[in-house]
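> Pasting the sequence and the predicted coordinates here, then a few questions.
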Amino acid sequence: MEKIDANIVQQRKIPLLFSLERSDDLQDYLPWCEAYEFEQEAELAFQSEVRLVLDGRGLGIALPGQKSYFYASSIDIQARIKAGKRGELARACFGNKDSTLVLDAFAGFGVDGLTLAGLGADVTLVERNLLVWLMLRSVAWGHPRVAIHFADSIGLLQSGDAWDVVYLDPMFLPTKKSALPKRDLQILREISDVAPSSKKYLEQLIEIAKDSATDRVVLKRRKNDPEAAKPNFSICSKTICFDVFRC
């Protein structure tokens, strides 16, 4: 299932380079993209702006000046699913219910949300950045347990709908460490139009999310970052914590 909030549809179309083998699939992207046949001249013409690429590997994205493309399908979600419900994410999000409804309010490329869906949850993925949403849509479309929304998560949280779990993974504040995050996170940071989350913003977000969650709100943060609010409990790996707020 797919829902689109008309209030945030961007007017300026995104350049999309396509290979001839994928020309039959263009119709799915034309409402948001300006299509160009994948030729060397066309590729060079867009080196100064973010562009999408549709080829044999799927839908890819490249930042200005880069000739190597990132494909969301290259993230090995299946390996995460094989770990089962022993992982920190699953332990934080799954309660005692046989079926769990999850709202992934900041879905990004869908890694966490699709992992939860693969473990049996019915997941609503929400993304408000058009570039990111198109990539998310390319990997999540047709999943039997997934609904994809192109919308602002705050508006959806205030819509009156309810989920068992509201999962929050907003953009982390940058650190001074020299080590770079994984490439998918680098791409998200480069193209995001949302400011990193301050403590005050997270406090407000948790309270808004509690109104839509019947069981819990789960906030993902770096382990060394301070808590935005006092959780009921936290489940942590070496680098990441999931703070759980019971409702």
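It's in. For clarity, every value in this text was computed on a predicted model and none was experimentally measured. Numbers count the residues shown, from 1 in each chain.
> Quick one: the helices in the chain, in order.
Assigned by DSSP state H, the helices in the chain fall at 40-45, 77-82, 88-93, 111-118, 130-140, 153-157, 183-191, 199-210.
> For residue 67, find the nearest of these.
Of all the helices of the chain, helix 40-45 sits nearest to residue 67, with 7.6 Å by C-beta to C-beta. Where C-beta positions appear, they are placed from N, C-alpha and C, glycine not excepted.
> Now do the contacts for residue 89.
Residue 89 is in contact with 80, 112, 115-116, 242, counting by C-beta atoms under 8 Å, 6 or more residues apart in numbering.
> List the contacts of residue 37.
For residue 37, the contacting residues are 17-18, 20, by C-beta under 8 Å, 6+ apart.
> Quick check: beta-bridge partners of it?
Using DSSP bridges, the bridge partners assigned to residue 37 are residue 18.
> hmm, which of the contacts of residue 37 are the buried ones?
Buried subset of the contacts of residue 37 (neighbour count, 16 or more other C-beta atoms under 10 Å): 17-18.
> Make CSV out of the contacts of residue 37 and add distance to residue 68 and pLDDT.
Conversion of those to CSV gives the following (distance: C-beta to C-beta, whole Å; pLDDT from 0 to 100):
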residue, distance to residue 68, pLDDT
17, 14, 92
18, 18, 94
20, 21, 92
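> Generate CSV for the contacts of residue 37, with distance to residue 227 as supplementary columns.
Output for those, formatted as CSV (distance: C-beta to C-beta, whole Å):
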residue, distance to residue 227
17, 44
18, 46
20, 52
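> pLDDT below threshold where in this protein?
Within the chain, the ranges that satisfy pLDDT under 70 run 6-11, 40-41, 74, 98, 172-181, 193-197.
> tell me, what residue is most central in it?
In the chain, the residue lying closest to the centroid (C-alpha atoms, centre = their mean) is residue 108, at 1.6 Å.
> Now it. Nearest residue, chain neighbours left out?
residue 188 (5.5 Å; C-beta to C-beta, 6 or more residues apart in numbering).
> cool, residue 237 as well?
Closest to residue 237 by C-beta to C-beta, 6+ apart is residue 88, at 5.0 Å.
> Ok, residue 238 next?
residue 223 (7.2 Å).
> cool, residue 145 as well?
For residue 145, the closest residue by C-beta to C-beta, 6+ apart turns out to be residue 117, at 4.3 Å.
> what's the burial count for the one you found?
24 (other C-beta atoms under 10 Å).
> separation between the nearest residue to residue 135 once chain neighbours are set aside and residue 219?
Distance criterion C-beta to C-beta, 6+ apart; nearest residue to residue 135, sequence neighbours excluded, is residue 72 at 4.5 Å. Separation of residue 72 from residue 219 (C-beta to C-beta, to the nearest Å): 23 Å.
> How about residue 202?
Taking C-beta to C-beta as the measure, residue 202 falls 7 Å from residue 219.
> Burial check on residue 47, number of neighbours?
Number of residues near residue 47 (other C-beta under 10 Å) recorded here: 13.
> hang on, isn't it packed against residue 63?
No. Between residue 47 and residue 63 there is no contact under C-beta atoms under 8 Å: 9.9 Å.
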